[in-house]
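1. sequence and predicted structure below; questions after.
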Amino acid sequence: QVHLVESGGGLVQAGASLNLSCETNGRTSARYAMGWFRQAPGEERRFVASITWTGDRTYYPDSVKGRFTISRDKGQNTVYLQMVNLNPEDTAVYYCAADPSIVKLTTAPSLWGQGTQVTVSS
């Protein structure tokens, strides 16, 4: 069974940068579109960024566009999220996501990671 394992969360001050990473744990030949979602306390889980298996297309909501960058290792189910100029509204649990059947991964992936906390203090 394939699992997603995230790392890189933490506590930072507003304006700082933080990098997250996620990799699959388990043998698989599947080619996953991968992405990140986040969930703040009392809110629903929201799409943050995604990237196609080939890495040629990336997707972001307006709330993070220009500040967050998603990338992946070519040919690998490993994905990164570089976050710059963080603000307190970015505080949330960040979840890695993956799906082998969706090209533009913005909702309802088949795999979720366990989540990593990102806290931005003002």
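-> Arrived safely, thanks for sending.

2. how far does the helix or strand encompassing Leu20 sit from its chain's centre?
-> Following DSSP states H and E, the helix or strand that holds Leu20 is strand 18-25. Average the C-alpha atoms of strand 18-25, do the same for its chain, and the two points are 8 Å apart (C-alpha atoms, centre = their mean, to the nearest Å).

3. that strand packs against which elements?
-> strand 3-7, strand 33-39, strand 78-83, strand 92-99, strand 116-121 (3 or more C-beta pairs under 8 Å, 6 or more residues apart in numbering; DSSP states H and E). Every residue, glycine included, has its C-beta placed from N, CA and C.

4. okay if I get these as CSV plus mean pLDDT, mean neighbour count and distance to Ser63?
-> CSV is the format used below for the helices and strands packed on strand 18-25 (pLDDT from 0 to 100; neighbours: other C-beta atoms under 10 Å; distance: least, C-beta to C-beta, whole Å):
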stretch, mean pLDDT, mean neighbour count, distance to Ser63
strand 3-7, 94, 17, 20
strand 33-39, 97, 24, 10
strand 78-83, 97, 22, 12
strand 92-99, 97, 23, 11
strand 116-121, 98, 17, 14
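
5. the ones you listed: which one's closest to Arg27?
-> If you check each of these against Arg27 by C-beta to C-beta, strand 3-7 wins as the nearest, at 11.2 Å.

6. who touches the closest one?
-> Strand 3-7 is touched from outside by 20-26, 94-98, 111-116, with contacts defined as C-beta atoms under 8 Å, 6 or more residues apart in numbering.

7. which ones are touching the closest residue in space to Thr24 that isn't next to it in sequence?
-> In space, and not counting its chain neighbours, Thr24 is closest to Asn77: 4.1 Å by C-beta to C-beta, 6 or more residues apart in numbering. Asn77 is in contact with Glu23, Thr24, Thr28, Ala30, Arg31, Tyr32, Met34, Ala98, counting by C-beta under 8 Å, 6+ apart.
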